[in-house]
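[1] Pasting a predicted model and its sequence here:
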Amino acid sequence: MKRRYARSHRWRQARSIDELAAMARQRLPAFAWEYVSAGAEDERTLVDNRRAFQRWQWRPRTLVDLSEIDSRATLLGRECAMPLAIAPTGYNGMLWRNADIALARAAWRHEVPFTLSTVSCDSIEAVAAAVPEARLWFQLYPLRDAEATRDLIERARAAGAEALVVTTDAVVLGRREWDSRSYLSPRRLTPGHTLDALLHPRWAAQALWPDGLPTLGNLLKYLPAGQHSAASAASYIGQQMASDLSWDTLAEIRRHWPGKLIVKGILDAEDARRCRRLGADGVVVTNHGGRQLDGSPASLDCLPAIVDAVGRDLEILLDSGIRRGSDIAKALALGAHGVLSGRATLYGLALGGENGATHALGLLHEQLHNTLALLGRPRLAQLDRDCLGPPLHLSRPAIGGTVPSSPAPPVPGDLP
């Protein structure tokens with residue numbers, strides 16, 4: 001009997017994030033799926049984010065007392081159930097009504113932080129009011145309008161956000177070609193994709209009813225009167241991305257923000273050192289999930305050098321490619337303090353809202369526990385580089401003098 005995932009939306013039966021992704025792909029119209037899953041250009045970096053984890057091999061120990069497995073961690077000085085925060089993702093309302101509130105509740109139920117995007121559909125005030133117990137981080141896209149940027153920072157402070165996560169790697173958007181093929185022009189679907197959306201009534205009822213496409217809640221106060229639609233908000237953010245974002249801009253943000261400051265978009269050790277000198281509290285090692293510069297290295301491949309450079313001084317979070325609890329463990333073994341995960345919880349959200357996202361977090365948590373046990377390191381503090389063998393692409397040549405090659409990547413546009 002051929003192996004395949006069940007063709008259903010019964011997300012409670014999913015045993016992995018990849019299975020959730022397969023279910024989400026069936027439930028969502030094609031344009032929404034491409035928005036969530038697509039990478040830039042040929043999607044080489046998107047694929048390599050997963051390959052990077054597969055290249056590292058475990059070196060398990062045996063005859064270890066496994067009566068207590070402890071995956072609790074500390075992120076930004078506060079304890080959480082596992083070393084993970086939900087990553088900032090924009091326009092989640094395309095997947096589920098009040099999606100950002102649903103994600104915040106799922107994070108709270110699992111005792112992990114939630115990062116709200118500047119381009120979220122639910123405003124930071126709405127999320128803070130709906131889930132006051134949540135550990136709320138706010139992701140900032142610096143805007144051309146300096147007053148609006150300062151106002152966003154002040155709103156984050158007033159809402160009780162414990163961290164400001166400044167994204168630095170999306171000043172110019174990558175060429176997300178598979179995503180763009182859904183449209184005749186910006187925000188105008190092709191006839192085929194329009195028909196496909198009409199063939200997904202359950203999605204439409206959950207995401208679009210009764211008000212249509214949701215707008216971007218954090219940006220409404222900056223839009224002209226009477227122009228609060230999703231299209232107007234998208235046009236605004238497209239025009240307002242600060243193309244002159246620089247280290248001076250980041251220093252100005254540091255002066256205005258009194259709380260923890262995390263810089264997201266770091267792949268180079270020297271950039272991490274500059275973040276340290278500027279007074280940041282942490283960095284996110286990320287290639288934006290393979291959605292920006294195609295051909296940039298996998299985030300995991302950049303992690304060891306950045307850990308060696310600033311790991312004793314800054315909190316280091318690894319983002320891009322997290323699909324299993326074992327991925328979290330590998331990131332920690334290479335020196336990260338924790339990880340961000342965005343797509344994993346979006347797959348669950350697209351299927352079951354808050355409960356679906358909670359299920360995705362539960363899968364990652366259970367898999368992390370299982371990995372610690374099988375590895376013979378029952379506590380996170382025992383994870384270090386001794387747990388890992390050399391990555392396959394650096395292994396000694398096999399007989400005949402060649403290194404075994406990695407499997408061919410999936411066909412672009414057909415990624416789990």
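    Done, it's in. For clarity, every value in this text was computed on a predicted model and none was experimentally measured.

[2] Okay, strands next: where are they in the protein?
    Counting by DSSP state E, the chain has strands at residues 57-58, 73-75, 78-80, 84-86, 114-116, 136-140, 163-167, 183-185, 188-189, 260-266, 282-285, 315-319, 338-341, 388-389.

[3] Neighbours of Gly39, how many?
    28 (other Cβ atoms under 10 Å). Just so you know, the C-beta spots here come from the backbone N, C-alpha and C atoms, and that holds for glycine as well.

[4] then stretch 304-314 to CSV, C-alphas only?
    Taking C-alpha atoms only, stretch 304-314 is exported to CSV below (Å, rounded to 0.1, in the frame of the first residue of the first chain):
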residue,chain,number,x,y,z
PRO,A,304,27.6,28.4,14.6
ALA,A,305,29.7,31.4,13.5
ILE,A,306,27.2,33.9,15.0
VAL,A,307,27.1,31.9,18.3
ASP,A,308,30.9,32.0,18.4
ALA,A,309,30.9,35.7,17.8
VAL,A,310,28.2,36.9,20.3
GLY,A,311,26.6,33.9,21.9
ARG,A,312,27.9,34.9,25.4
ASP,A,313,26.4,38.4,25.2
LEU,A,314,23.2,38.2,23.1
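
[5] who touches it?
    266, 268-270, 272-273, 275-276, 280-283, 285, 316, 334-336, 385 (Cβ atoms under 8 Å, 6 or more residues apart in numbering).

[6] Please report how far Leu198 lies from Thr167.
    34 Å (Cβ to Cβ, to the nearest Å).

[7] The two: who's more crowded?
    Neighbour count, other Cβ under 10 Å: between Leu198 and Thr167, Thr167 has more, with 21 against 10.

[8] Quick check: the nearest residue to the more buried one once chain neighbours are set aside vs Arg155, distance?
    Leaving aside its sequence neighbours, Thr167 sits nearest to Lys264 (Cβ to Cβ, 6 or more residues apart in numbering; 4.8 Å). Using Cβ to Cβ, Lys264 is found at 19 Å from Arg155.

[9] circling back to that earlier point, now render the strands of the chain as CSV, adding distance to Ala298 and mean pLDDT.
    Listed next are the strands of the chain as CSV, based on distance: least, Cβ to Cβ, whole Å; pLDDT from 0 to 100:
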stretch, distance to Ala298, mean pLDDT
strand 57-58, 16, 96
strand 73-75, 22, 98
strand 78-80, 25, 98
strand 84-86, 19, 98
strand 114-116, 21, 98
strand 136-140, 22, 98
strand 163-167, 19, 98
strand 183-185, 29, 91
strand 188-189, 32, 92
strand 260-266, 14, 98
strand 282-285, 10, 98
strand 315-319, 10, 98
strand 338-341, 14, 98
strand 388-389, 15, 94
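
[10] Pipe those strands into JSON lines and attach distance to Gln13 per row.
    JSON lines is the format used below for those (distance: least, Cβ to Cβ, whole Å):
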{"stretch": "strand 57-58", "distance to Gln13": "28"}
{"stretch": "strand 73-75", "distance to Gln13": "29"}
{"stretch": "strand 78-80", "distance to Gln13": "27"}
{"stretch": "strand 84-86", "distance to Gln13": "23"}
{"stretch": "strand 114-116", "distance to Gln13": "26"}
{"stretch": "strand 136-140", "distance to Gln13": "31"}
{"stretch": "strand 163-167", "distance to Gln13": "34"}
{"stretch": "strand 183-185", "distance to Gln13": "34"}
{"stretch": "strand 188-189", "distance to Gln13": "31"}
{"stretch": "strand 260-266", "distance to Gln13": "34"}
{"stretch": "strand 282-285", "distance to Gln13": "33"}
{"stretch": "strand 315-319", "distance to Gln13": "28"}
{"stretch": "strand 338-341", "distance to Gln13": "21"}
{"stretch": "strand 388-389", "distance to Gln13": "32"}
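
[11] out of these, nearest to Asp294?
    Among the strands of the chain, the nearest to Asp294 by Cβ to Cβ is strand 260-266 (15.6 Å).

[12] between that closest one and strand 315-319, how big is the angle?
    Relative orientation of strand 260-266 versus strand 315-319 (axes from the mean of the first three to the mean of the last three Cα atoms, to 10 degrees): 40 degrees.

[13] List only buried entries from the contacts of stretch 304-314.
    266, 269, 272-273, 275-276, 280-283, 285, 316, 334-336 (16 or more other Cβ atoms under 10 Å).

[14] From the residues you listed, pick the one nearest Asp122.
    Set against Asp122, the nearest of the buried ones among the contacts of stretch 304-314 by Cβ to Cβ is Gly282 (24.8 Å).

[15] Pull the contacting residues for the residue nearest to that closest one when sequence neighbours are not counted.
    Leaving aside its sequence neighbours, Gly282 sits nearest to Glu315 (Cβ to Cβ, 6+ apart; 3.4 Å). Applying Cβ under 8 Å, 6+ apart, we find Glu315 in contact with Leu75, Leu76, Ile262, Asp281, Gly282, Val283, His337, Gly338.
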